[in-house]
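> Return atomic coordinates for the entry below.
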Amino acid sequence: MNTAQHSKEEHTNPTPLIKYQERFLKRRNMNARYRKSIEINEVHYDLMKLIINVIKDDKISLSDYLHHIISHHFEVFWEDIEDFYVAFDFEIPTSDFT
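Down below sits the predicted model:
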């Protein structure tokens, strides 16, 4: 396999680390007035900070990382979450997770 083929294959089939970075370790633009404070378990906080520091530089905040984790959770489990709303006869919210 020549270098051009190898590079093309890497681009079309990203490694798990690349996939993780593309999904969770990216900046987002968020207006500060829409931010809310939450409490995070110290072990989870330390682990998330370590992941950010090891995989990326200071270009991503803990808030960005947490946003992408939560958005992914909603994307994956949205149908199950809708079932809860239906079971308790609540109006189902919109599902824009961006």
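> Can you read off the pLDDT for T3?
Per-residue confidence at T3 stands at 47 (pLDDT).
> ditto for K8
Per-residue pLDDT puts K8 at 46.
> Ok, D83 next?
Looking at D83, its pLDDT stands at 89.
> Contacts only, for it.
Applying CB atoms under 8 Å, 6 or more residues apart in numbering, one finds that D83 lies in contact with no residue. To be clear about C-beta, it is placed using only N, CA and C from the backbone, and glycine gets the same treatment.
> now swap in S61 and tell me
Contacts here follow CB under 8 Å, 6+ apart; on that basis S61 touches R27.
> Phi and psi next, for it.
S61 has phi and psi values of phi -100, psi 160 when expressed as degrees, to the nearest 10.
> and the gap between it and I55?
14 Å (CB to CB, to the nearest Å).
> same check, this time on N41
Here the criterion is CB to CB. By it, N41 lies 21 Å from I55.
> Pick out whichever of the two has more residues nearby.
I55 (14 against 8; other CB atoms under 10 Å).
> how about the helices in the protein?
3-12, 16-24, 42-55, 62-87 (DSSP state H).
> Figure out which of those is closest to T94.
Distances from T94 to each of these were compared by CB to CB, and the smallest falls on helix 62-87, at 10.6 Å.
> Per-residue pLDDT of the residue positioned nearest the centre of the chain, please?
Taking CA atoms, centre = their mean, the centroid of the chain lies closest to H68, which sits 2.2 Å from it. Residue-level confidence at H68 comes out at 88, pLDDT.
> With E42 instead?
The confidence metric pLDDT takes the value 96 at E42.
> coming back round to it: any chance of the helices of the chain in a markdown table, with distance to Y34 too?
Supplementary listing: the helices of the chain in a markdown table, determined by distance: least, CB to CB, whole Å:
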| stretch | distance to Y34 |
| --- | --- |
| helix 3-12 | 35 |
| helix 16-24 | 20 |
| helix 42-55 | 21 |
| helix 62-87 | 11 |
